[in-house]
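Engineer: structure for this input, please:
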Amino acid sequence: MKPAKVVNINERAFENLKYIRETMERAGSFTAVPGWGGILMGVSALLTAFISGQLPSNDLWFATWLGEAALAFGIGAWAMLQKAKAVKSPILYGPGRKFAVGLCPAMIAGAVLTGVLYQNDLFGLMPGIWLLLYGVAVVTGGAFSVRVVPIMGVCFMVLGAVALFSPLQLANWFMAIGFGGLHVAFGIVIARRYGG
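Structural biologist: A predicted model of the protein is given here:
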């Protein structure tokens with residue numbers, strides 16, 4: 001007969017508190033942020049950065065990135081719906097609704113500012129504004145998600161702030177690093193730590 005294993009009560013209490021804290025965090029967090037969807041969004045942005053760098057006019061560059069934004073939105077929405085089904089996380093109420101409500105204001109502001117910038121031929125400001133406001137959207141929406149999502153948003157904000165003070169010739173590099181590289185890197189983290 002084996003002797004019974006003695007467990008320190010402090011260790012057991014610590015483990016129980018850790019389990020309770022993690023369970024409560026998940027219950028109040030929107031966990032359907034798609035890691036694989038982020039990776040796909042990043043890959044499409046990297047391809048777009050390469051293509052748009054070859055284009056002869058600012059108008060074509062702008063149209064290419066608008067197309068990328070629509071594609072990324074579609075990928076993200078589809079991947080989020082798939083992950084929400086898999087983890088049984090509601091999208092239209094609770095943390096999912098809070099995530100969406102936090103995400104939308106900065107995205108709407110970005111769309112309005114994009115129109116103003118295009119109308120005034122201020123293409124050089126677009127990458128910085130897009131990255132900065134996308135970062136704000138991710139931080140505010142991410143407040144209702146897993147911890148890594150707001151960190152990703154802050155990275156977008158910092159990159160956007162730097163891009164605002166950089167020349168237009170670097171626009172595609174900033175777009176590739178942000179919408180490409182950050183999505184891929186954080187997508188991998190989310191996929192590994194939070195299940196796809």
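Engineer: which SSE is the most centrally placed residue in the chain in?
Structural biologist: Among the residues of the chain, the one closest to the centroid is residue 138, at 5.4 Å (C-alpha atoms, centre = their mean). Using DSSP states H and E, residue 138 sits in helix 126-142.
Engineer: who does that helix touch, helix- and strand-wise?
Structural biologist: Helices and strands touching helix 126-142, by 3 or more C-beta pairs under 8 Å, 6 or more residues apart in numbering; DSSP states H and E, are helix 58-87, helix 95-119, helix 148-164, helix 171-175. Backbone N, C-alpha and C define where each C-beta goes, glycine included.
Engineer: can you tell which of those is closest to residue 186?
Structural biologist: helix 148-164 (4.2 Å; C-beta to C-beta).
Engineer: mind listing what's buried along that closest one?
Structural biologist: Buried residues in helix 148-164, counted by 16 or more other C-beta atoms under 10 Å: 148-150, 152-153, 155-157, 159-160, 162-164.
Engineer: how far away is the residue lying closest to residue 113 once chain neighbours are set aside from residue 122?
Structural biologist: Nearest non-adjacent residue to residue 113, counting by C-beta to C-beta, 6 or more residues apart in numbering: residue 129, 5.5 Å away. Distance from residue 129 to residue 122, counting by C-beta to C-beta, to the nearest Å: 9 Å.
Engineer: out of those two, which sits in the busier spot?
Structural biologist: Between residue 129 and residue 122, residue 129 has the larger neighbour count (other C-beta atoms under 10 Å), namely 19 against 14.
Engineer: any idea which helix or strand comes after the worst-scoring helix or strand of the chain on mean pLDDT?
Structural biologist: Scoring the helices and strands of the chain by mean pLDDT, DSSP states H and E places helix 9-27 at the bottom, with a mean of 63. Later in the chain than helix 9-27, the nearest helix or strand by DSSP H and E is helix 35-52.
Engineer: quick one: buried residues of that next one?
Structural biologist: 35-42, 44-46, 48-49, 51-52.
Engineer: excluding chain neighbours, give the residue nearest to residue 154 in space.
Structural biologist: Residue 154 sits nearest to residue 139 (C-beta to C-beta, 6+ apart), 6.2 Å away.
Engineer: noted, bye for now.
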